[in-house]
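**Q** Show me the folded form of this:
(one chain, ligands or ions: 1)
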Amino acid sequence: MHATTIDRSHDPARRSWVASANESGTDFPIQNLPWGVFRDDEGAAHIGIAIGDQVLDAQAAVLDNHLPDLPGTISCALCAPTLNQFMGLGHDSWTAARHAIADLLDAESQTRDELLRPMAGTEMLLPATIGDYTDFYASRYHATNVGRMFRPDGEPLMPNYLHLPVGYHGRASSVVVSGTPVRRPHGQLKPDDAAPVFKPVRLLDYELEFGAFIGEGNDMGTRVQMDQAMDRLFGIVILNDWSARDVQKWEYQPLGPFNAKNFASTISPWVVTMDALAPFRLPGPARLDEDPGLLDYLRPVTEDVLDVTCEVHLASATMREAGEEPLRLTRGSLSDLCWSFAQMLAHHTSTGCPMHAGDLIGSGTISGPSKDSRGCLLELTWRGTEPIELPDGTQRRFLLDGDELTINAFCESGDARRIGLGSCSGIVTPAC
Ligand code: MN
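**A** Numbering: from 1, shown residues only. Below you'll find the predicted structure:
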């Protein structure tokens, strides 16, 4: 098992001249340094780094010569309007940039307030141009619950489930950044005892997921092996895979999800790098004694499991108007998955399928063993048979217009400095 690299960029004692980055509850201390893209005052897209409650303008840092030791390839990539070029430079370049940014922001360095802007009020854009998006199904708890609901008479898991990470090719065009309203889609729905109808979907759901951005891709005909996979992944975001369960139920056989999943998938704006996550990597994923053995090409050789806690909150329009706290629906962990992002990437490329910098892979709904760790309403309300009571006196089986769904995530373990992924949210707007 390769050891994960912990270096001075993870030192929990390290502090920044940005005061808010030193507060204990911040998602973005100097040990995190996630990457995103924001719109500047002239409307141009710039790469930024989150630090405390501020955004550091990477292009300004380069042009004002505050990152003089970085090679030209990196400086040039940091002045681009998306992260694709930087993602494609590979792991050594990401680490070099991380160290240079950490040194610039270090409490021992000179204050450079002119490079910052407040995060509040800054419009965030998609961090990369997403060429391809693939969504997996890596939680055995989720797959088991869904299997029990849809195939009550059979084995809940399909025969392939513990042999390979199951996925489908999704729609990159419908991936949007946190804060984008999500319009209730129309769909073809099939009532139990009547002909199909076309109308606004009724069983609108969320899916608690994480997404991993591909950094250094692979050429067509080549594979990414397990010992390389984690270093090819640039970082992770929170992902909400909005889903139309009534469409899904009617359309999914024989080729899997299609329109049920192609109207919106929301991601958080800040990409937390695999470097920042190094203190939170664990061996695994764990398998049960009775599980089949893994084929060699999927066998873990590095620490591939990410210990990230995630929480889902729901606030109806009435709750927001009354100033009520959102209701927590779920608390789960990325470490509950039975397939890692490394295994998903190794399997995805096992045919020689080329992946490119900025491609996104989704984990699939993250559910854990307990009821309060179920990652979607389909499971939480058991297909609508056990509705949830909201503080405003209404019930939810599935999402209603005006509902705001927010996912937060953070890493907290051992002596490491706590880091967070920020939040991923969206409000459901009526069908048009
Ligand atoms: Mn999904």
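**Q** Going by C-alpha atoms from here, please, whenever you check contacts or count neighbours.
**A** Will do.
**Q** Please enumerate the helices of the stretch 201-350 of the chain.
**A** Per DSSP state H, counting those that start in this stretch, the stretch 201-350 of the chain carries helices over the ranges 226-232, 245-251, 317-321, 341-348.
**Q** and those helices, which is most packed in?
**A** helix 341-348 (a mean of 24; mean count of other CA atoms under 10 Å).
**Q** Check which helices and strands it sits against.
**A** Contact analysis of helix 341-348 by 3 or more CA pairs under 8 Å, 6 or more residues apart in numbering; DSSP states H and E lists helix 226-232 as its packing neighbours.
**Q** dump the residue contacts of residue 293.
**A** residue 163 (CA atoms under 8 Å, 6 or more residues apart in numbering).
**Q** what are the ranges of the strands in the stretch 201-350 of the chain?
**A** Listed in chain order, the strands of the stretch 201-350 of the chain (DSSP state E, counting those that start in this stretch) span 204-205, 208-214, 233-241, 243-244, 265-267, 272-273, 281-282, 305-306, 309-315, 327-333.
**Q** May I see the helices of the stretch 201-350 of the chain organised as JSON lines, with mean pLDDT and distance to residue 378 added?
**A** JSON lines is the format used below for the helices of the stretch 201-350 of the chain (pLDDT from 0 to 100; distance: least, CA to CA, whole Å):
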{"stretch": "helix 226-232", "mean pLDDT": "98", "distance to residue 378": "32"}
{"stretch": "helix 245-251", "mean pLDDT": "96", "distance to residue 378": "8"}
{"stretch": "helix 317-321", "mean pLDDT": "98", "distance to residue 378": "21"}
{"stretch": "helix 341-348", "mean pLDDT": "98", "distance to residue 378": "24"}
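**Q** Looking at those, which is nearest to residue 266?
**A** For residue 266, the closest of the helices of the stretch 201-350 of the chain is helix 245-251, at 17.2 Å, according to CA to CA.
**Q** Pull the distance from that closest one to the chain's centre.
**A** Between the centre of helix 245-251 and the centre of its chain there are 24 Å (CA atoms, centre = their mean, to the nearest Å).
**Q** show me the biggest strand of the chain in terms of residues.
**A** In the chain, taking DSSP state E as the definition, the longest strand is strand 419-429.
**Q** Nearest residue to residue 379 in space, please, no chain neighbours.
**A** Counting by CA to CA, 6 or more residues apart in numbering, the nearest residue to residue 379 once its immediate chain neighbours are dropped is residue 145, at 6.7 Å.
**Q** and residue 360, which of the strands of the stretch 201-350 of the chain is closest to it?
**A** strand 208-214 (4.7 Å).
**Q** Listing partners with orientation, what would you give for that closest one?
**A** The sheet places strand 208-214 alongside strand 233-241 (antiparallel), strand 360-362 (antiparallel), with pairing taken from DSSP bridges.
**Q** Residue 84 contacts residue 126, correct?
**A** No. Using CA atoms under 8 Å, residue 84 and residue 126 do not qualify as a contacting pair, with a distance of 10.9 Å.
**Q** In this structure residue 48 contacts residue 40, no?
**A** No. If you go by CA under 8 Å, residue 48 and residue 40 don't touch, sitting 10.2 Å apart.
**Q** Compare those two and say which is more crowded by neighbours.
**A** Neighbour count, other CA atoms under 10 Å: between residue 48 and residue 40, residue 48 has more, with 31 against 15.
**Q** any chance you could read off phi and psi for the closest residue to the more buried one other than its chain neighbours?
**A** Leaving aside its chain neighbours, residue 48 sits nearest to residue 57 (4.8 Å; criterion: CA to CA, 6+ apart). Note on residue 57: backbone dihedrals following degrees, to the nearest 10 are phi -80, psi 110.
**Q** pull the longest helix from this protein.
**A** Counting residues, the longest helix in the chain under DSSP state H turns out to be helix 91-105.
**Q** Over that one, what's the mean pLDDT, rounded is fine.
**A** Here helix 91-105 scores 98 as its mean pLDDT.
**Q** Next secondary structure element downstream of it?
**A** Downstream of helix 91-105, the first helix or strand assigned by DSSP states H and E is strand 116-118.
**Q** Tell me which helix or strand comes right after that following strand.
**A** Toward the C-terminus from strand 116-118 - assigned by DSSP H and E - lies strand 124-125.
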